[in-house]
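Visitor: Take this sequence and fold it.
(one chain, ligands or ions: 3)
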Amino acid sequence: MGTAKTPRGRLPLSIVAIIIFIFFMIALLYTERFSSSILKFKSCSRRASVAKSTKSTRDDRTTEDDLKDAEVDDRFEFDPNECSVAHGKWVFNSSFKPLYSDRTCPYLDRQFACVKNGRPDSDYRHWEWQPDDCILPRFSPTIALEKLRGKRLMFVGDSLQRNQWESFVCLVEFVIPEDHKSMKRGRSHSVFTAKEYNATIEFYWAPFLVESNSDNPIIGDPKKRILKVDSVSKHSKYWVGVDILAFNTYVWWMSSTKIKALWGSFANGEDGSEELDAAVAYQIGLKTWANWIDSTIQPNKTRVFFTTMSPTHARHK
Ligand SMILES: *[C@@H]1O[C@H](CO)[C@@H](O)[C@H](O)[C@H]1NC(C)=O
Ligand SMILES: *[C@@H]1O[C@H](CO)[C@@H](O)[C@H](O)[C@H]1NC(C)=O
Ligand SMILES: *[C@@H]1O[C@H](CO)[C@@H](O)[C@H](O)[C@H]1NC(C)=O
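Guide: Ligands and ions are numbered 1, 2, ... in the order given. Coordinates of the predicted model:
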């Protein structure tokens, strides 16, 4: 369940979390087993590397050549049991065509539509994650859908997670004929269905994961928000029975330095609430969420992902 970092002070400018999440999802879809609730990456073997050096010695080449070769091509084909997708780097590759844009995908909110909103550059769409030890296959919508056959995938969290959900839908929807797919959007719960696959890709709105008085409708002033840090039950009943759950929560906790935390019921308004440092409240809230996961989720049935910190996304001038 990822260690929840508890940052202090202002929003850190972490731009990686959202992107890391994408490759987790890609890794997931190439993983044969949905058997563990926690991502456990075994350390990579270096079969290819060993094979290579044996060959090089036979060819009687210099050590320098060997080193160069080791750097260039000791990566092997992706195998989820042997390759850690958590270790790698971003590489720029202008030669592949992104699978969708906000002009081709009908499901992207205006809020996330960079091109429609006038972003002129497009380089940002050409970065791809390259694990250190293996070569990731390119994302295939049909393979992804096949993996999801008969399953429910649900993204849970704030608007960043809604963006991830829409992106995922956009990555697969264009291979499905119009009358074989549907989209039902609700206030809290939205569902994209791939009918022939009997698969759903869903989103559930819970910006803090725990309950708050600002889930629906949103309260603009962070000082008026009260979080029920000891309970997820209002939301979690929607998470039961889902095969793959992808959570996030972070930025909403950090929109002020203090958070009004409540134990028990909202009935008495702010009475009984306690002001906590945002980081402390975040820690308690995550503990509440993690306890629910541990006590409810069967690791052999449901796979759980969690994204911690997310990038700031303030207006750019
Ligand atoms: C860039 O993408 C193309 C198309 O998928 C691929 O053939 C090529 O190997 C990639 N280049 C690098 C450096 O990964
Ligand atoms: C469709 O998927 C659901 C789980 O999401 C499952 O309960 C149901 O049995 C499936 N139906 C068919 C016809 O496969
Ligand atoms: C999953 O694990 C639980 C408890 O360990 C067990 O009761 C259940 O039969 C298992 N289910 C499957 C599908 O293996």
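Visitor: then stretch 102-115 to PDB, C-alphas only?
Guide: Provided in PDB are the C-alpha atoms of stretch 102-115 (Å, rounded to 0.1, in the frame of the first residue of the first chain):
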ATOM      1  CA  ASP A 102      -8.400  15.400 -26.600                       C
ATOM      2  CA  ARG A 103      -9.800  15.900 -30.100                       C
ATOM      3  CA  THR A 104     -10.300  12.200 -30.800                       C
ATOM      4  CA  CYS A 105     -11.500  11.100 -27.400                       C
ATOM      5  CA  PRO A 106     -15.100  12.200 -26.500                       C
ATOM      6  CA  TYR A 107     -14.800  11.500 -22.800                       C
ATOM      7  CA  LEU A 108     -12.200  14.000 -21.600                       C
ATOM      8  CA  ASP A 109     -13.500  16.900 -19.500                       C
ATOM      9  CA  ARG A 110     -12.600  20.300 -20.700                       C
ATOM     10  CA  GLN A 111     -10.600  20.700 -17.500                       C
ATOM     11  CA  PHE A 112      -8.100  18.100 -18.800                       C
ATOM     12  CA  ALA A 113      -8.100  18.900 -22.500                       C
ATOM     13  CA  CYS A 114      -4.700  20.500 -23.100                       C
ATOM     14  CA  VAL A 115      -5.100  20.900 -26.900                       C
END
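Visitor: Check which residues of that stretch are buried.
Guide: 102, 105, 107-108, 112-113 (16 or more other CB atoms under 10 Å). All C-beta spots, glycine's among them, are computed from the backbone N, C-alpha and C.
Visitor: now what about it, what contacts it?
Guide: Defining contact as CB atoms under 8 Å, 6 or more residues apart in numbering, one finds that stretch 102-115 is touched by 101, 116-117, 122, 124, 159, 162-163, 166-167, 169-170, 173-174, 183, 192.
Visitor: Mind checking which of the residues you listed are buried?
Guide: 101, 159, 162-163, 166-167, 169-170, 173, 192.
Visitor: out of the residues you listed, which one sits closest to E82?
Guide: S167 (27.8 Å; CB to CB).
Visitor: what helix or strand is the closest one on?
Guide: Under the criterion DSSP states H and E, the helix or strand holding S167 is helix 159-173.
Visitor: how near is W127 to ligand 2?
Guide: For W127, the distance to ligand 2 equals 33 Å [CB to the nearest ligand atom, to the nearest Å].
Visitor: what's the burial count for that residue?
Guide: Using other CB atoms under 10 Å, W127 has 13 other residues around it.
Visitor: Touching, it and S94? I think so.
Guide: No. Taking contacts as CB atoms under 8 Å, W127 lies outside contact range of S94: 10.1 Å.
Visitor: what about the helix ranked longest in the chain and ligand 3, touching?
Guide: Secondary structure of the chain per DSSP state H: the longest helix is helix 278-296. No. Figure legend: helix 278-296 not in contact with ligand 3 (CB under 6 Å from any ligand atom); closest approach 12.3 Å.
Visitor: which among the buried ones among the contacts of stretch 102-115 gets closest to L276?
Guide: Of the buried ones among the contacts of stretch 102-115, the one sitting nearest to L276 (CB to CB) turns out to be S159, at 23.7 Å.
Visitor: Could you find the closest non-adjacent residue to the closest one?
Guide: Q111 (7.0 Å; CB to CB, 6 or more residues apart in numbering).
Visitor: gap between the closest residue to ligand 1 within the stretch 151-300 of the chain and L99?
Guide: Among the residues of the stretch 151-300 of the chain, L171 lies closest to ligand 1, at 15.2 Å counting by CB to the nearest ligand atom. Per CB to CB, to the nearest Å, L171 is found 5 Å from L99.
Visitor: any idea how far the closest residue to ligand 2 within the stretch 1-150 of the chain is from ligand 1?
Guide: For the stretch 1-150 of the chain, the residue closest to ligand 2 is G150, as judged by CB to the nearest ligand atom, at 4.3 Å. Separation of G150 from ligand 1 (CB to the nearest ligand atom): 30 Å.
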